[in-house]
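*Asks:* Just a sequence and a predicted model for now, questions to come.
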Amino acid sequence: MKVGDLVVSRAYQNYSEVVPAKLVLQITAKVNHALSEKNGPYLVLSDNPETWVPACSFFVVSPA
């Protein structure tokens, strides 16, 4: 994944044609212990730019 990709949550992978995609604003490999004890990478998405989400929870539907 890279900045500018459109991603969809893996929970909606069977409905990726219907669910709106989210834009990746930032990718980081930094560990954030407040979110999880796992290592990154984490994504910052356009719909909630203040929250980091694990990259493993998303897949690319349209590359940048």
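*Replies:* Sure, I can see it.
*Asks:* Would it be right to say that residue 17 lies in a helix?
*Replies:* No. Checked against DSSP: H, G, I helix; E, B strand; the rest coil, residue 17 lies outside a helix; its state is coil.
*Asks:* so who does residue 59 touch?
*Replies:* Residue 59 sits next to 7, 8, 10, 13, 16 when contact means C-beta atoms under 8 Å, 6 or more residues apart in numbering. Where C-beta positions appear, they are placed from N, C-alpha and C, glycine not excepted.
*Asks:* Out of those residues, the closest to residue 27 would be?
*Replies:* Ranked by distance to residue 27 (C-beta to C-beta), those are led by residue 7 at 10.6 Å.
*Asks:* shouldn't that closest one be in contact with residue 13?
*Replies:* No. Residue 7 sits out of contact with residue 13 when judged by C-beta atoms under 8 Å, with a separation of 10.9 Å.
*Asks:* count of residues packed around the closest residue to residue 62 other than its chain neighbours?
*Replies:* Residue nearest to residue 62 in three dimensions, not counting chain neighbours: residue 6, with 4.0 Å by C-beta to C-beta, 6 or more residues apart in numbering. Close neighbours of residue 6, defined as other C-beta atoms under 10 Å, add up to 16.
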